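**Q** structure for the following, please:
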Amino acid sequence: MTFLDLKQKEVINCKDCKRIGCVADVEFDPCTGQMCALIVPMPVSLFSCFGKSEKYYIRFCDVVRFGPDIILVDVCLEHATMNEE
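**A** The predicted structure is shown next:
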């Protein structure tokens, strides 16, 4: 599976069966080359251009399954939020 394949998949949370978004980036461990996390941008709000961009940081251990069209994760979104300036 390539990064372009991941970017085309939607991320769905198993806890509430809601769509989180699409994968924007992947974090790798530079020593082992293993995937550490998926980074998914939060939905855009009206005032998002004035503030910080927020993204969900979903650890690889929270991924339940990679399907043909979606990625299922089991994560609490309040704890998976990261801020970027």
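
**Q** so where do the strands sit in the protein?
**A** 10-13, 18-22, 25-28, 35-41, 53-59, 63-66, 70-73, 81-84 (DSSP state E).

**Q** which elements pack onto the fifth one?
**A** To tie it back to what came earlier, the one meant is strand 53-59. strand 18-22, strand 35-41, strand 81-84 (3 or more Cβ pairs under 8 Å, 6 or more residues apart in numbering; DSSP states H and E). Placement of C-beta: from N, CA and C, glycine included.

**Q** how about the ones you listed, which one is nearest Ser53?
**A** strand 81-84 (5.2 Å; Cβ to Cβ).

**Q** buried stuff in stretch 6-25?
**A** 6, 9, 11-13, 20-23 (16 or more other Cβ atoms under 10 Å).

**Q** next: stretch 28-41.
**A** 37-41.

**Q** report how many residues lie close to Val75.
**A** For Val75, the neighbour count with other Cβ atoms under 10 Å is 21.

**Q** out of the helices and strands packed on strand 53-59, which gets nearest to Asp62?
**A** strand 35-41 (8.6 Å).
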